[in-house]
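K.L.:
Give me coordinates for this.
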Amino acid sequence: MATDMVCCKTLLQGHIGKVCSLDWPPKRNIILSASQDGRLGLLNEPSRLIESMVLNVYRAMKGLFKPKPRTPAELVLQARDLLKFLDQNTETRERKREEKMSELSKVILEIRVVLFGNGQAEPNPDACAHLAQDFFKHDTFRLLILSLPKLDLGARQNATHVIANLQRQRVSGRLIASEYLENNLDLMDILLPGYEDGEIAITYGAILRECIRHQIVARYVLETGHLKKVLTYVQIPNFDIASDALATFKELLTRHKSTVAEFLSVNYDWNKTIVVGMSLGGDTYSVISFFQEYNSQLLESPSYITRRHAVKLLGNMLLDRSNSAVMVRYVSSLDNMRILMNLFRDPNKTMQLETFHVFKLFVANQNKPPEIISVLVTNRSKLLRFLGDFSIDKGDEQFEADKAQVIKEIATLEINDRSCTDAHDCEVES
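P.N.:
From the prediction side, this is the model:
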């Protein structure tokens with residue numbers, strides 16, 4: 001048929017998308033139209049709707065065939081089976097592994113939706129409790145941690161959120177993650193060395209800090225020599241990994257005050273190496289003086305960021321009431337005070353301020369050892385000149401009051417029993 005013989009007799013209206021199909025029954029003046037807008041139109045006499053109703057077929061069909069959500073028990077069971085498959089079938093052909101990995105990613109996402117909600121509805125507490133109970137009961141928690149390095153970035157992030165959430169779930173008022181970890185402390189022997197793997201370090205670090213929220217875990221990490229490993233990870237050249245390790249170190253020393261106070265008291269002795277037990281992996285370990293390591297690796301670190309965070313953390317620890325006995329011992333050491341006085345030489349105001357908050361404890365100590373008094377008196381003029389010029393941009397009444405008290409104390413010091421017989425030994429470089 002020639003195109004110039006085609007003409008439009010009437011215009012059908014009612015769709016907002018492209019019409020992709022038309023049909024009309026024989027001997028009936030009705031037209032049925034379907035459009036990409038997902039709607040079905042029913043018209044008579046080619047231009048008039050029979051009714052002012054348009055059926056949304058897409059939504060109706062979507063609701064009709066929507067799969068029934070799986071129960072928490074079913075999700076955990078499938079996740080466990082997939083994790084076991086990926087762990088045990090290392091020689092499976094690549095295509096099948098990819099299929100299983102895709103299934104696992106979807107299951108982990110579904111589990112996350114159960115625990116966090118879908119954005120439109122809040123999570124169901126009962127479903128969360130059942131999921132957590134099954135997760136720990138069947139040891140899926142361990143399998144997921146072991147499989148993290150094999151997951152792609154998106155699945156790994158979802159898994160990290162799931163692991164963090166599960167550790168805070170309560171079942172019948174019990175924090176079941178704490179009970180589980182008490183019997184599976186060797187997981188810390190897996191998570192901590194994760195800092196040595198740049199691909200997984202940040203993920204394992206985040207999970208490790210969630211585990212440290214449980215006191216039994218923090219105690220294990222402190223008492224098995226792992227803390228010394230964390231100190232070495234803080235020195236890693238990669239800034240992100242070193243910062244994450246520093247965050248873990250801070251969590252260990254601030255989360256559980258009674259445990260930390262006990263650890264610092266036991267491991268303070270400067271000249272003793274104490275063998276306190278055996279790790280779950282079977283290796284013996286020793287604990288060297290904590291503050292000896294702290295001073296050499298953190299306060300005297302070549303990294304400004306490390307020094308700044310370390311001196312701030314030190315102040316927080318020493319000013320905590322639970323560490324009062326440790327604080328008295330720390331501020332009675334001349335070696336410690338020398339390190340703090342040298343930190344004053346850093347031109348950065350923030351570093352100087354954080355250092356001042358620790359240094360003032362040495363000056364305020366009413367039972368200063370003679371050698372500390374000698375050093376303060378020998379360096380009196382330098383210290384008074386520095387403190388007199390020392391100020392912070394933002395006015396702080398407490399800081400000004402503390403500074404005035406420190407200046408007064410140093411100015412009135414007198415040497416009763418000079419322990420530093422050599423003036424050179426007493427003087428600290430300015």
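
K.L.:
isn't Ile372 right up against Ala364?
P.N.:
No. At 11.8 Å, Ile372 does not count as touching Ala364 under the criterion of CB atoms under 8 Å. No exception for glycine: its C-beta is placed from N, CA and C like everyone else's.

K.L.:
more neighbours, the two?
P.N.:
Ile372 (24 against 13; other CB atoms under 10 Å).

K.L.:
Show the contacting residues for the more buried one.
P.N.:
With contacts defined as CB atoms under 8 Å, 6 or more residues apart in numbering, Ile372 is in contact with Ser332, Leu334, Met337, Phe362, Asn365.

K.L.:
residues contacting the second one?
P.N.:
For Leu334, the residues meeting the contact criterion (CB under 8 Å, 6+ apart) are Pro369, Glu371, Ile372, Val375.

K.L.:
Identify, from those residues, the entry nearest to Leu318.
P.N.:
Nearest to Leu318 among these, counting by CB to CB, is Ile372 at 15.5 Å.

K.L.:
Distance of the closest one relative to Phe390?
P.N.:
Spatial separation of Ile372 from Phe390 under the definition CB to CB, to the nearest Å is 20 Å.

K.L.:
do the same with Arg345
P.N.:
The span separating Arg345 from Phe390 equals 13 Å under the rule CB to CB.

K.L.:
Can you pick out the residue with more neighbours from the two?
P.N.:
Relative neighbour count places Phe390 above the other of Arg345 and Phe390, with 17 against 13, counting by other CB under 10 Å.

K.L.:
What's the per-residue pLDDT of that one here?
P.N.:
If you check Phe390, the pLDDT there is 87.

K.L.:
pretty sure it contacts Ala404?
P.N.:
No. Phe390 sits out of contact with Ala404 when judged by CB under 8 Å, with a separation of 11.5 Å.

K.L.:
Can I get the buried part of the contacts of Ile372 as one ChimeraX selection?
P.N.:
Selection of buried members from the contacts of Ile372 for ChimeraX, criterion 16 or more other CB atoms under 10 Å:
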select :332,334,337,362,365
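
K.L.:
For this protein, just list every one of the strands.
P.N.:
Listed in chain order, the strands of the chain (DSSP state E) span residues 19-23, 30-35, 39-44, 48-49, 55-56, 170-171, 174-175, 274-278, 284-287.

K.L.:
Check which helices and strands the first one sits against.
P.N.:
What that stands for is strand 19-23. Contact analysis of strand 19-23 by 3 or more CB pairs under 8 Å, 6 or more residues apart in numbering; DSSP states H and E lists strand 30-35 as its packing neighbours.

K.L.:
Can you give me the buried ones in stretch 181-192?
P.N.:
So stretch 181-192, judged by 16+ other CB under 10 Å, has buried residues Leu181, Asn184, Leu185, Leu187, Met188, Asp189, Leu191, Leu192.

K.L.:
Adding pLDDT and distance to Ile216 as columns, could you present these in JSON lines?
P.N.:
As requested, these are arranged in JSON lines below (pLDDT from 0 to 100; distance: CB to CB, whole Å):
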{"residue": "Leu181", "pLDDT": "94", "distance to Ile216": "7"}
{"residue": "Asn184", "pLDDT": "94", "distance to Ile216": "11"}
{"residue": "Leu185", "pLDDT": "94", "distance to Ile216": "7"}
{"residue": "Leu187", "pLDDT": "94", "distance to Ile216": "12"}
{"residue": "Met188", "pLDDT": "94", "distance to Ile216": "10"}
{"residue": "Asp189", "pLDDT": "93", "distance to Ile216": "15"}
{"residue": "Leu191", "pLDDT": "93", "distance to Ile216": "15"}
{"residue": "Leu192", "pLDDT": "93", "distance to Ile216": "16"}
